[in-house]
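> Okay, here's the prediction I keep looking at, along with the sequence it came from:
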Amino acid sequence: MSGTAYKFELPKHHQSIIKVIGVGGGGSNAVNHMFGQGIKDVEFVVCNTDLQALNSSPIPYKLQIGANLTEGLGCGANPEVGRAAAVESKDQIREMLAGTKMVFVTAGMGGGTGTGAAPVLAKIAKDMDILTVGIVTVPFLFEGKKKLAQAQIGIEALRASCDTVLVILNDKLREIYGNLSIGQAFAQADNVLTTAAKGIAEIITLAGYVNVDFQDVRTVMHNAGAAVMGSAETRGENRAILAAQQSLASPLLDNRDIMGAKRILLSIISGEEAELQMDELSEITEYIQEQAGDEAEVIFGHGVDPNIGDRIRVTVIATDFAAETIITKAQAQKKVHDLDSAQSTLFEQADNSVNQRVDEVILKPVDKDRPVLKAPEKPVEKKQEEVPEKKVDKEEKEERSYTFTLFEKKEEPVQNKKTLFDEDEDEGEESLFTNDEDEFELGNEVSSDQVLNEEGMMEYRKTKERLQQQAKDRREKLKAAKKHEMTKEEFNEKWSLPAYLRRGVKMSNVPHSSEPYISRYNLNDENSILGNNKFLHDNVD
């Protein structure tokens, strides 16, 4: 008996088809948290360049990347080093992924290893025809703008390498849970990552009355691009509809609407103490279908988890969005325009346009500090110095060109007039022209030809007053029109009347439309002169 030897063949380590890989410091912390929470039939892996962080992790399966490049000391927050480390260890990554059907790549974006290595690892997995899902976090704002910029670059690279990517905003968690301590804030981020990975994985691993297998999940998530996910757990009265509503208000969704998604994966998990009722199942599925739209394909499954007691957990994954349909709820608000107020807006625009046109032609007296103008003895147009003139558009000059006779003897043509005033901005709404007796400072020796006569000044004042009155009348007319807002009936009545009737123009001796009016000088259809030409037929010699 003592010589008898017994041999026992130990079972090989069970390898799951689903792996959750934490890349970098943030991803490894999240996977450590998931390992503590427990996800059924899922294998966890931590992947890092920092050997010290790997040794402190409770996860059995550890993968050090870039051992020669980084010597186990990390990437120093440089994504390029993280990328190079993953490329160096691509053979070890392929060996680790052997036999895997679905992989979750979790990382905290913005650092070195996670930002640089996660896209490389995801690309290797996708090239091996593994369903690849990225679950990443965006840094808190207090972590710095540079880290946020690096995170955005990393997310774009990860999206190009994964079937679908779930992005979780850390600051969104801050809005929901309030002012937490630093440790609690990062713990909440890890908790949300756990919820996302667990919600998707246990759709496959948990058996239920309505089972969802791996191929169902692959149909929904393969090459799905942008995706959103929400999860909620409730208990008590109306737990079903509350869980459905809260799942669509989940921080994972980032205030996004699932309307427009082509495929919806719906997981409903209930406890053994209070199993899901048929009415509850109908409430959840009908609500999700209503929110997603009739065109969305909803694949749902139901399982039982004894650990959640009398609670019910609803997980929604929406994928395959058209690029233009992913909108936030804040952007979906409609704008209502009041058609009645549109006419008053038109009057306001017209008023502003007229005031602007008036402002542009306001004249300003020449500054006294400028050089003294001395009238020449010869005709003014030949030697008179021209005061600089501001550039005005050609059309506006033609619309408002005013001529003033300032000198007694010489009457000049309009096109040869010289500008004696500066045009400037408006100095007051009530006045169109500013006048001063000291417009020109004359020299000590002044001849009689240089002095402006009283008749010219009177004409200038009258013209100024007339322009002021015209501008005032125009403003009053526009204000009166603006105050009187036409009703729809008044507008239609004015629209139906011809313009000459609205203006009160009376027309006389107008021939009726039935009477033909043929000119006696026209040619007929045969290209010959008509016979009713009085010059050819009335006075025949």
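It's in. Predicted model, so just to flag it, every value in this text is computed and none were measured. Numbering: from 1, shown residues only.

> Model confidence for the residue nearest to residue 507 when sequence neighbours are not counted, exactly?
Nearest residue to residue 507 in three dimensions, chain neighbours excluded: residue 500, at 7.0 Å (CB to CB, 6 or more residues apart in numbering). Bear in mind the C-beta positions are built from the backbone N, C-alpha and C, glycine included. Residue 500 carries a pLDDT value of 77.

> Check what contacts the helix or strand containing residue 500 and list those residues.
Residue 500 is located in helix 499-502, with elements delineated by DSSP states H and E. The contact list for helix 499-502 (CB atoms under 8 Å, 6 or more residues apart in numbering) reads 494, 507.

> Now that helix: buried residues?
Residues of helix 499-502 include none that count as buried (16 or more other CB atoms under 10 Å).

> Repeat that for stretch 46-61.
Across stretch 46-61, burial judged by 16+ other CB under 10 Å covers 46, 47, 48, 49, 50, 51, 53, 54, 57, 59.

> and what of stretch 312-323?
Result for stretch 312-323 [16+ other CB under 10 Å]: buried residues 312, 313, 314, 315, 316, 317, 318, 319, 320, 321.

> got a markdown table for those residues, with secondary structure and distance to residue 463 too?
Shown next, in a markdown table, are the buried residues of stretch 312-323 (DSSP: H, G, I helix; E, B strand; the rest coil; distance: CB to CB, whole Å):
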| residue | secondary structure | distance to residue 463 |
| --- | --- | --- |
| 312 | strand | 87 |
| 313 | strand | 86 |
| 314 | strand | 82 |
| 315 | strand | 82 |
| 316 | strand | 77 |
| 317 | strand | 79 |
| 318 | strand | 73 |
| 319 | strand | 76 |
| 320 | strand | 74 |
| 321 | strand | 68 |
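
> which of those residues lies closest to residue 213?
residue 317 (15.1 Å; CB to CB).

> Helix, strand, or coil at the nearest residue to the closest one once chain neighbours are set aside?
Spatial nearest neighbour of residue 317, excluding adjacent residues (CB to CB, 6+ apart): residue 265 at 4.2 Å. Look at residue 265: counting by DSSP: H, G, I helix; E, B strand; the rest coil, its state is strand.

> What is the neighbour count of the residue nearest to residue 141 when sequence neighbours are not counted?
Nearest residue to residue 141 in three dimensions, chain neighbours excluded: residue 171, at 5.6 Å (CB to CB, 6+ apart). Using other CB atoms under 10 Å, residue 171 has 15 neighbouring residues.

> again, but for residue 306
8.

> quick one: contacts for it?
271, 272.

> Also residue 503?
Applying CB under 8 Å, 6+ apart, no residues qualify as near residue 503.

> i'd like the first residue to be 48 from this point on
That works, and once the first residue is 48, the last one we named lands at residue 550.

> Confirm for me that residue 359 is in contact with residue 284.
No. If you go by CB atoms under 8 Å, residue 359 and residue 284 don't touch, sitting 11.9 Å apart.

> Output the below-cut-off pLDDT ranges for the protein.
48-62, 255, 297-303, 369-500, 529-533, 558, 560-588 (pLDDT under 70).

> Show me how the record splits it into domains.
61-252, 261-375, 387-529 (automatic domain parsing).

> Distance to residue 539 for these - can I get that in a markdown table?
Shown next, in a markdown table, are the domains of the chain (distance: least, CB to CB, whole Å):
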| stretch | distance to residue 539 |
| --- | --- |
| domain 61-252 | 52 |
| domain 261-375 | 39 |
| domain 387-529 | 13 |
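
> out of the ones you listed, nearest to residue 535?
Taking the domains of the chain one by one with CB to CB, domain 387-529 is closest: 8.1 Å.

> the helices in the stretch 248-397 of the chain, which residues?
With DSSP state H, counting those that start in this stretch, the ranges of helices along the stretch 248-397 of the chain come out as 261-268, 286-295, 325-339, 387-407.

> Check which helices and strands the second one sits against.
Contact analysis of helix 286-295 by 3 or more CB pairs under 8 Å, 6 or more residues apart in numbering; DSSP states H and E lists strand 272-281, helix 325-339, strand 359-368 as its packing neighbours.

> Show me the longest helix that occurs in this structure.
For the chain, the longest helix by residue count, based on DSSP state H, is helix 501-530.

> helix or strand right after that one?
helix 535-543.

> Please point out which parts of the helix or strand hosting residue 244 sit buried.
Per DSSP H and E: residue 244 is located in helix 229-252. Neighbour counts over helix 229-252 (16+ other CB under 10 Å) mark 232-233, 235-252 as buried.

> relative to helix 261-268, how tilted is it?
If you take axes from the mean of the first three to the mean of the last three CA atoms, to 10 degrees, helix 229-252 sits at 120 degrees to helix 261-268.
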